[in-house]
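A.B. asks: build me a model:
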Amino acid sequence: MSKFGREDSTTEFKSYGGLVSGLSLAECLAGRSMPRNRELMRVFRDMELVEHLGSGMRRILNAYDSSIVHISEHFFELRFPMDERALEIASEGAVESGVESGVESGAESGAESLTQRILLLLQTSPLSKSELARELGLNSVTGALNRSAGALLEQALIERTLPDKPQSRLQKYRLTQAGRQWLELGGVAK
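C.D. replies: Alright, predicted model coming up:
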């Protein structure tokens, strides 16, 4: 569906099909979105493979102007020039969200920061994932939050309050003694 290519100093993404029926170019450039396949999008969301549904154009247009968008009846194309300012914005986003951005140190710092923030939040009392998300300033539980919580569970830095019912809606997470020691040592890895 998308084609990734690099020619000279431009990265291109092409999607076959043009704009989704019912969405104007002005609405698209204003950050509005409509999924082409709602069922597929629901499946991706349920599998936690997507975050912040419908925020892509807004994020892109924070870094680039609308001249990168090229739409015809049959194609939707984004052509990104390699721009230092945009690369800086992208790497800042990776640090904030903890996702890989191609800037390895930015992604690692973001993941470490999220891990530390989760541990700090759990110092005072157990919290559910939705409570953690709210305290972290997220609109919902994200894939990054799930991955960080999973890693913390594997490292035994946190534990479930209902260990026999991992999928319970009442499930919360609390620091273990190892998690407290990790924080006291200033976040030194095991």
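A.B. asks: please make it C-alpha for all contacts and neighbour counts, starting now.
C.D. replies: Noted.
A.B. asks: quick one: Arg134 is in a helix?
C.D. replies: Yes: counting by DSSP: H, G, I helix; E, B strand; the rest coil, Arg134 is located in a helix.
A.B. asks: that one touches Leu145, doesn't it?
C.D. replies: No: shown here, Arg134 and Leu145 do not form a contact pair, counting by Cα atoms under 8 Å, at 11.2 Å.
A.B. asks: which residues touch Leu122?
C.D. replies: Contacts of Leu122 were listed using Cα atoms under 8 Å, 6 or more residues apart in numbering, and they are 173-175.
A.B. asks: what is the nearest of those residues to Lys14?
C.D. replies: Tyr173 (42.3 Å; Cα to Cα).
A.B. asks: look up the closest residue to that closest one, ignoring the ones flanking it.
C.D. replies: The spatial neighbour of Tyr173 that comes closest, neighbours along the chain excluded (Cα to Cα, 6 or more residues apart in numbering), is Arg160 at 4.7 Å.
A.B. asks: that neighbour contacts Leu170, doesn't it?
C.D. replies: No: contact criterion Cα under 8 Å: Arg160 and Leu170 do not qualify, at 10.3 Å.
A.B. asks: so if I had to pick from the two, which one is more boxed in?
C.D. replies: Shown here are Arg160 and Leu170; by other Cα atoms under 10 Å, Arg160 has more neighbours (18 against 11).
A.B. asks: quick one, phi psi at the more buried one?
C.D. replies: Main-chain dihedrals, Arg160, degrees, to the nearest 10: phi -80, psi 150.
A.B. asks: pLDDT score for it?
C.D. replies: Looking at Arg160, its pLDDT reads 95.
A.B. asks: measure it to Trp182 for me?
C.D. replies: Arg160 is 18 Å from Trp182, where distance means Cα to Cα, to the nearest Å.
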